[in-house]
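Undergrad: turn this into a structure:
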Amino acid sequence: QVYLVESGGGLVQAGGSLRLVCAASGRTSARNINMAWFRQAPGKEREFVGANKWNTRTLYADFVKGRFIISRENDKTTMYLQMNSLEPEDTAVYFCAAGAGWGTISSVYAYWGQGTQVTVSS
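TA: This next block holds a predicted model:
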């Protein structure tokens, strides 16, 4: 079992920045799992934001447009989502996900955090 805890969400004005943190714990193999960020806005389906594969490769959704950066600590158990130039459309609950799978589909990730709210005001 891998446990994920997100933090760093909050209220920010359009054009501002936030850094989300996802801390993984539990099995020591948590260091060798792939990790990803998803988000879900009210009334919408959960969507892929970005993913990091064993700290060797990073994939982003098209809407990120270079505004967001995913990074991981060297021990690979902590992942960050640096969000810049935030827009009201970025308002959502952001979830951290992890697992042996890799990709943009939520079902490939076995473990999920509880989510952290990000609200961007115009």
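
Undergrad: name the helix or strand for the residue most central in space within the chain, please.
TA: The geometric centre of the chain, computed from its C-alpha atoms, lies nearest to W37 (CA atoms, centre = their mean), at 2.4 Å. Assigned by DSSP states H and E, W37 belongs to strand 34-40.

Undergrad: returning to that earlier point: next up, the contacts around the residue nearest to the centre of the chain.
TA: Contact analysis of W37 by CB atoms under 8 Å, 6 or more residues apart in numbering lists 20, 22, 48-51, 70, 79, 81, 94-97. Glycine gets a C-beta too; all of them are placed from N, C-alpha and C.

Undergrad: run the last query once more with 10 Å
TA: W37 sits next to 6, 20, 22, 48-52, 60-61, 64, 68, 70, 79-81, 83, 94-97, 113 when contact means CB atoms under 10 Å, 6 or more residues apart in numbering.

Undergrad: do R67 as well
TA: Counted by CB under 10 Å, 6+ apart, R67 has contacts S17, Y60, Q82, M83, N84, S85, L86, E87, D90.

Undergrad: quick check: beta-bridge partners of the fourth one?
TA: Residues found in beta-bridge contact with M83 (criterion: DSSP bridges) are L18, F68.

Undergrad: surely it and V21 touch.
TA: No: with contacts counted by CB atoms under 10 Å, M83 stays clear of V21, the gap being 11.8 Å.

Undergrad: contacting residues for G26?
TA: Q1, V2, Y3, L4, T77, A98, Y111.

Undergrad: any weak-confidence spans in the chain?
TA: Scanning the chain for pLDDT under 70 picks out 28-32.

Undergrad: now do the strands in it.
TA: 2-7, 10-13, 18-26, 34-40, 47-53, 57-60, 68-72, 78-83, 92-99, 111-112, 116-121 (DSSP state E).

Undergrad: helices and strands around the last one, which ones?
TA: I take that to be strand 116-121. strand 2-7, strand 10-13, strand 18-26, strand 78-83, strand 92-99 (3 or more CB pairs under 10 Å, 6 or more residues apart in numbering; DSSP states H and E).

Undergrad: the shortest one now?
TA: Packing partners of strand 111-112 (3+ CB pairs under 10 Å, 6+ apart): strand 2-7, strand 34-40, strand 92-99.
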